[in-house]
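Engineer: The amino acid sequence is not available; the structure is as follows:
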């Protein structure tokens, strides 16, 4: 049985020594004093480790079950969900006006990592609700907000997002679900949606479906899609629940992982829906939430990598197999622990250096979102929009690879379901696909975000890297181990951007053929920047005579590993990008 | 439901235009005329596509079931296994003296790829039998050979390999299973073995277990391990079956994939066993078969990548989603097929260029084994021993990545078990682990094979690359697109070897910390060489006025992709290798 311990110490280091949150000029951030955040993170660490994590294997084994239209979640889910909601966790970072606790997103992010490490399938019920909440909060009218938000704040009612149909996933312009206006201002919604996470279950009194559909006579394509609120159970004027609406789960998908989450085919059959926002502007509503949702999925990549890594470390320390080639480390035992072997170390260091760098990136992204949302900072908004596809695509691709590596540390035992390492990989796999497959993230990054605002956010990012290097290159140790590799990686990224500029105008495919490589190149530069910043913080702590030398020295050693072993990937990505589209597009479709 | 079509045309190209098998001076190769191999491959293609492949999903869904000591294989397996055996496929490349057809290994290899693409879990029953057959053939005495081999030739009796125990996988010196000598010359075997593929099932009359165990009083460690034949059912002197032996399946493991193969815990309780080969020399017997077995597993990496790729191509051609940014390709339809999008192409080209290069490498390896086994060629033996860990480790790591990429082409539909893409990834995952986890392959390569025979095989490999380049660089097109990139990659590999030589003597960890990167670097150079050879063959065919221009031009375009997009990885691997062991080994075990 795998275990999980929340990495509160590392989160604290990032929050207070790297991002220095309580000193930042963002509304709400002055509350984020170390004592306060420590209390929150420790409580979250406790409930995730003790209540949520033990249900992870149960959820995987049992899955969800549909009987007569009712979905039964795995044993223990319902009670644990109630406990989590009663303790107020879903409302941690939501609006106090509707009963939330109003904490900044960066703190919600840290807690979110814990829930996703402990049990991704379980965390998704709350995650989808937060997504639907955010959509209503931003685009709903006053009446809708008053009606739905208070009960969604703590998942008394949960939410869903209904976009995909059998014949359209990424290309939502092909959507067929239709909405017919009624005399009372409501609509009748009819159609089928698939892959609806948490579409039906037994843990909440009601489920608030947000559904994209075409109003009769709407313009063709994506510009004719509107967004509707469709409650599972109708709500009376006094707030009590009424009759069942015309929406039901047709079946549950059998998936590779996240078995504990019910992924439903949802059938809408003259269901009553209420328009949210303007007619035909449904996609706009979706887009405004996308940064939050995609950062949340990126975080899942980090979260699965973290829990898989923790278990791999335990196994590598305990499993006795072979001898250290430089001399026995456990001479009285039958063999040395796995962790003495260089290639096992290589796998663990890959994981550790990724997870800690990725966590810092996710948390920094959280502060940028807060800066954009709470302080109305347009530069921060531009930067986080640029970074979002990188956080989503790079962290989930790499996070998945890390779960595979953690599984590999177990040898044959990693392939057996009993050990739980397979589940981490199977659960992590979905994050590369949903909320926009990673190829779509790369397309968004290269096809849209690079040139956004005339390239201002991209220039802003380069400027940020450059000025961090310039401000700190007086420190010889930091310069050699961190700033010089960062500078080299950043140059590769600039060269790639230059290649796109010079070639993408003539031939968009020349840029798009390199989009995936660019997303990864960018990701490595981001993690290089994070490691440089963390190294500086660690050096500062050591210079100031910290009593916790081991922590900071470990941090520096881990960072050096990333710079030496991972950053060289940027040159490879650049070479691929600069090879252009010719070989990628050479074949006729029937020559494959 | 996924489908499979055997790539007979591509196999034929490699066999006859690249490797020119029928012209080689290897005993048995003169039989490998195109008409003959075509007939064999087409028949194999038929039975694998029509009989074996349709059971792949069935095997995954049903798995195996243990009831009162009897293992029931999935619906249809038994009948299909009989059909395959009756048609003589398991005996294709085994010794005619015992009823086999005596074909060269290279042909068995090609057929093996097909069976593994069609249904890896099913193919393993025969694969394990072939392994046990080879061990008895090489190390058994005349009586043992006469007793077991004829019935194992066509899987009337199947075989297993029993190495792993709960506390020891890679480190077999820790083994506890014991063998007590009996007066009649036999032994009583007692102990527990785990992860025994095909350990118990209902498809054969008898199962011949090969079991590693320690004879009472044997030297400690790996030098005290002997190899025993332990039949499931005792065999009477007249060859008829007698009483049940003291061996039984204790349980079936629940695994991530290959559900159709019964992975058993085997309990030996005073089971009668017969020593094979010399006392305490059991590991030597294992090692002599290792090249065959590991090449077989490498082939599984290619096989799963091939079938996953085939389905990804079909989906990418059929699924309509989005528009070609350079102009609609299917203007009358609601959208263009996925295959118009550059990033989808990138994924398909990665897969295609890997699979075709990897197939050539596997087939070339087959000819080297034949040259060593059939012609007693020591140089070929040295070379294939060097290449074996690369074929096993690189092809299964990369093959796995390709199945993930194929699944990614499907978007959300790839995550649903219904489509079968998840199974390809889950089945492919095991090949990175069994028959020596890939970290062990890398250790074998760098710690043992590089310096074997004073480095002669390694020098031989470099010489081979060098002379191919020298012999062909007069062709300007070949030089620019293929030979120059190959030369650069080969230089990276030489630099890595130099780094190991200069640093590994002082500190073995300096070499071992780069072992995984070296295995991948070497793999890319091998595939670069294969692509250069295939390109030459394709150019020759075009120059000779072939009527099948499309095939050869596609081959060239695919090769160019590999050289431009994959070979740049060698520089990254070199940079990691040259960073040495310092960052890898920096942390104390409790600092992780």
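Structural biologist: Okay, I see it. Computed from a predicted model, the values in this text were never measured in an experiment.
Engineer: which residues of the stretch 401-550 of chain A fall in strands?
Structural biologist: For the stretch 401-550 of chain A, strands defined by DSSP state E, counting those that start in this stretch do not occur.
Engineer: What's the separation between residue A:36 and residue B:98?
Structural biologist: Here the criterion is Cβ to Cβ, to the nearest Å. By it, residue A:36 lies 77 Å from residue B:98. All C-beta spots, glycine's among them, are computed from the backbone N, C-alpha and C.
Engineer: Comparing these two, which residue is more hemmed in?
Structural biologist: residue B:98 (18 against 13; other Cβ atoms under 10 Å in any protein chain shown).
Engineer: Provide a list of residues in contact with that one.
Structural biologist: B:137, B:145, B:149-150, B:153 (Cβ atoms under 8 Å, 6 or more residues apart in numbering or on different chains).
Engineer: what pLDDT does it get?
Structural biologist: Looking at residue B:98, its pLDDT is 98.
Engineer: With residue A:156 instead?
Structural biologist: Residue A:156 carries a pLDDT score of 97 in this model.
Engineer: Next, count neighbours for it.
Structural biologist: Residues near residue A:156, counting by other Cβ under 10 Å, number 16.
Engineer: Chain B versus the residue lying closest to it once chain neighbours are set aside, what's the distance?
Structural biologist: Leaving aside its sequence neighbours, residue A:156 sits nearest to residue A:205 (Cβ to Cβ, 6 or more residues apart in numbering or on different chains; 6.0 Å). Separation of residue A:205 from chain B (Cβ to the nearest Cβ, to the nearest Å): 29 Å.
Engineer: which residues does residue A:205 contact?
Structural biologist: A:151, A:156-157, A:233, A:241.
Engineer: swap the cut-off to 10 Å and go again
Structural biologist: Contact analysis of residue A:205 by Cβ atoms under 10 Å, 6 or more residues apart in numbering or on different chains lists A:151, A:155-158, A:232-233, A:241.
Engineer: Can you tell me the SS state at residue A:204?
Structural biologist: Recorded secondary structure, residue A:204: coil (DSSP: H, G, I helix; E, B strand; the rest coil).
Engineer: Show the residue spans covered by the helices in the stretch 451-592 of chain A.
Structural biologist: A:456-472, A:476-478, A:484-504, A:508-512, A:515-543, A:549-561, A:569-578, A:582-585 (DSSP state H, counting those that start in this stretch).
Engineer: May I see the ones you listed organised as a markdown table, with distance to chain B, mean pLDDT and mean neighbour count added?
Structural biologist: Below are the helices of the stretch 451-592 of chain A laid out as a markdown table (distance: least, Cβ to the nearest Cβ, whole Å; pLDDT from 0 to 100; neighbours: other Cβ atoms under 10 Å in any protein chain shown):
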| stretch | distance to chain B | mean pLDDT | mean neighbour count |
| --- | --- | --- | --- |
| helix A:456-472 | 20 | 98 | 15 |
| helix A:476-478 | 14 | 96 | 13 |
| helix A:484-504 | 10 | 97 | 19 |
| helix A:508-512 | 4 | 96 | 24 |
| helix A:515-543 | 6 | 98 | 23 |
| helix A:549-561 | 4 | 98 | 20 |
| helix A:569-578 | 4 | 98 | 22 |
| helix A:582-585 | 4 | 97 | 21 |
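Engineer: Quick check: which of those helices is nearest to residue B:245?
Structural biologist: helix A:549-561 (52.0 Å; Cβ to Cβ).
Engineer: mind listing which of the contacts of residue A:205 are in strands?
Structural biologist: In strands, judged by DSSP state E, the following of these are found: A:157-158, A:233, A:241.
Engineer: ok, back up a step: how about JSON lines for the helices of the stretch 451-592 of chain A, with distance to residue B:122 added?
Structural biologist: Converted to JSON lines, those look like this (distance: least, Cβ to Cβ, whole Å):
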{"stretch": "helix A:456-472", "distance to residue B:122": "52"}
{"stretch": "helix A:476-478", "distance to residue B:122": "57"}
{"stretch": "helix A:484-504", "distance to residue B:122": "46"}
{"stretch": "helix A:508-512", "distance to residue B:122": "40"}
{"stretch": "helix A:515-543", "distance to residue B:122": "35"}
{"stretch": "helix A:549-561", "distance to residue B:122": "43"}
{"stretch": "helix A:569-578", "distance to residue B:122": "38"}
{"stretch": "helix A:582-585", "distance to residue B:122": "36"}
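Engineer: Most neighbours among the ones in strands among the contacts of residue A:205, which one?
Structural biologist: Top of the ones in strands among the contacts of residue A:205 by neighbour count (other Cβ under 10 Å): residue A:158, with 28 neighbours.
Engineer: Doesn't residue A:188 belong to a strand?
Structural biologist: Yes. Judged by three-state DSSP, residue A:188 forms part of a strand.
Engineer: Was I right to think it contacts residue A:179?
Structural biologist: Yes. Residue A:188 is in contact with residue A:179 according to Cβ atoms under 10 Å; the separation is 7.1 Å.
Engineer: Between the two, which contacts overlap?
Structural biologist: A:213, A:216, A:268, A:271, A:273.
Engineer: are any of those residues buried, and which?
Structural biologist: A:213, A:268, A:271, A:273 (16 or more other Cβ atoms under 10 Å in any protein chain shown).
Engineer: Please name the bridge partners of the third one.
Structural biologist: Beta bridges link residue A:271 to residue A:189 when assigned by DSSP bridges.
Engineer: which ones are touching it?
Structural biologist: Here residue A:271 is in contact with A:179, A:187-191, A:209, A:211, A:213, A:228, A:230-232, A:234, A:244-248 (Cβ under 10 Å, 6+ apart).
Engineer: and if we set it to 7 Å?
Structural biologist: A:189, A:230, A:245-247 (Cβ atoms under 7 Å, 6 or more residues apart in numbering or on different chains).
Engineer: Mind giving me the PyMOL command for buried ones among these?
Structural biologist: The buried residues among the contacts of residue A:271 can be selected in PyMOL (16+ other Cβ under 10 Å) with this line:
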select buried, chain A and resi 189+230+245+246+247
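Engineer: Residue A:519 reaches residue A:443, doesn't it?
Structural biologist: No. Between residue A:519 and residue A:443 there is no contact under Cβ atoms under 7 Å: 9.4 Å.
Engineer: circling back: redo the shared contacts of residue A:188 and residue A:179 as a markdown table? Include secondary structure.
Structural biologist: Converted to a markdown table, these look like this (three-state DSSP):
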| residue | secondary structure |
| --- | --- |
| A:213 | strand |
| A:216 | coil |
| A:268 | strand |
| A:271 | strand |
| A:273 | strand |
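Engineer: Please identify which of the residues you listed is nearest to chain B.
Structural biologist: residue A:213 (17.2 Å; Cβ to the nearest Cβ).
Engineer: who has more neighbours, residue A:188 and residue A:179?
Structural biologist: The neighbour comparison of residue A:188 against residue A:179 (other Cβ under 10 Å) goes to residue A:179, with 29 against 18.
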